[in-house]
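**Q** I need the structure of the sequence given here:
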Amino acid sequence: MKRFIVTGGYGFIGSNLIHILLKKKFKVLNIDNLSYAAQKYNLKDIKNKNYTFKKIDINNKKEILRTIKVFKPNGIFNLAADTHVDRSIDNSFSFIKNNILGVYNLLEAIRNYKKKLRLVHISTDEVYGDILGTKRSSEKFAYVPSSPYSASKASSDHLVSSYVRTYELDAVISNCSNNYGPRQFPEKLIPKMIYNILYNKPLPIYAKGRNSREWIYVDDHCEALIKLFFKGKKGEKYNIGSGINCNNITIVKKLVETFKKKKINIGNKVKIKYVKDRPGHDFRYALNSNKIKKTLNWKPKISLSLGIIKTVEWYLNNKSFFSKISKELFVKRLGNR
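**A** Just a heads-up that it's a prediction; the model follows:
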């Protein structure tokens with residue numbers, strides 16, 4: 001039985017990945033420092049002898065190494081990261097600490113383990129910066145990060161690549177497009193809009209909502225990550241995207257329409273509210289994911305329409321997810337600038 005460590009396992013992508021790994025009968029150790037976006041609700045239903053949790057910060061190199069030696073994983077999926085661009089604009093320190101120094105400490109722990117182990121390092125399409133027109137960024141594109149968040153992820157990617165070349169660590173890097181789906185903290189566009197629709201609040205959208213993003217359902221992303229562990233080539237980067245671009249205003253309108261089709265009452269305050277754009281806001285991200293499709297035989301299965309329905313249904317069936325989150329933790333920049 002394969003054994004995996006998932007760092008940041010109480011977060012959005014990490015918790016969904018853990019659900020899938022356990023369904024595939026793998027043994028999983030969840031490592032999380034339980035920061036603001038870590039929600040124990042995300043794994044509340046797991047009662048599985050193959051699952052354990054340990055509270056550790058990836059900056060604690062000694063404890064990470066000790067845990068690796070005891071658990072003896074075949075692989076580590078690194079999803080421990082600060083991820084929200086708005087927060088990085090307000091205060092970039094934690095992004096530097098966790099996304100760069102945290103990855104350094106994780107790499108050092110793996111290097112000192114001295115046994116066979118594969119790291120799957122999860123990154124973002126934002127490292128490529130604005131991709132204007134109809135182009136789509138391939139793995140050969142240069143990194144041109146625009147925010148402290150994307151700069152921190154670009155730095156961590158370079159660190160991982162350097163450890164592959166210098167110390168011959170076995171690692172692969174993924175650059176994924178915008179994820180959505182169940183268990184996502186309501187600072188990102190889709191869960192924030194769902195929350196506001198449910199609780200009769202305005203729907204704040206930056207500028208005119210024309211910014212375009214490539215949307216991928218989280219389960220499709222997780223299946224791709226598992227492919228990378230088993231079949232990815234050491235030291236390589238892989239873009240993971242759906243090929244489906246949609247601007248923010250269209251996404252919000254699709255969410256409202258989904259609620260209406262389910263005959264759910266929408267309050268009188270639920271109206272689109274255009275707000276001042278954030279600093280350095282990239283207009284368009286778009287990935288060329290042909291490499292992983294052709295070499296690893298992966299492709300996304302969930303369409304955007306179906307994914308939005310599945311996402312809305314999860315939040316409708318899990319309204320207590322929002323009640324577990326302190327309102328002080330909802331990001332204030334969006335709609336308040």
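
**Q** What pLDDT does the model give residue 36?
**A** Note for residue 36: predicted pLDDT of 89.

**Q** isn't there a helix covering it?
**A** No - per DSSP: H, G, I helix; E, B strand; the rest coil, residue 36 lies outside any helix segment and is coil.

**Q** Just give the number of residues close to it.
**A** A count of nearby residues for residue 36, using other CB atoms under 10 Å, gives 16. In short, each C-beta sits where N, CA and C put it, glycine included.

**Q** now stretch 230-241: how far from the chain's centre is it?
**A** 17 Å (CA atoms, centre = their mean, to the nearest Å).

**Q** Let me know the average pLDDT across it.
**A** Stretch 230-241 comes out at a mean pLDDT of 98.

**Q** Check which residues of that stretch are buried.
**A** The neighbour-count check on stretch 230-241 (16 or more other CB atoms under 10 Å) flags 232, 235-241 as buried.

**Q** Quick check: the farthest pair among those residues?
**A** Farthest apart among the buried residues of stretch 230-241 by CB to CB are 235 and 241. That separation is 20.9 Å.

**Q** after the helix or strand harbouring residue 17 comes which helix or strand?
**A** Residue 17 is located in helix 12-23, with elements delineated by DSSP states H and E. Next helix or strand after helix 12-23 toward the C-terminus (DSSP H and E): strand 27-32.

**Q** So which elements touch that following strand?
**A** Using 3 or more CB pairs under 8 Å, 6 or more residues apart in numbering; DSSP states H and E, the elements in contact with strand 27-32 are strand 3-7, helix 12-23, strand 51-55, helix 61-71.

**Q** The same query, at a cut-off of 6 Å, please.
**A** Applying 3 or more CB pairs under 6 Å, 6 or more residues apart in numbering; DSSP states H and E, we find strand 27-32 packed against strand 3-7, helix 12-23, strand 51-55.

**Q** Deepest-packed of these, please.
**A** strand 3-7 (a mean of 24; mean count of other CB atoms under 10 Å).

**Q** now the strands for the protein?
**A** For the chain, the strands defined by DSSP state E cover 3-7, 27-32, 51-55, 75-78, 118-124, 170-176, 178-180, 203-206, 212-217, 237-240, 245-247, 272-275.

**Q** any idea of the angle the fifth one forms with strand 3-7?
**A** Orientation of strand 118-124 against strand 3-7 (axes from the mean of the first three to the mean of the last three CA atoms, to 10 degrees) gives an angle of 30 degrees.

**Q** Before I go, just wanted to say thanks for your time.
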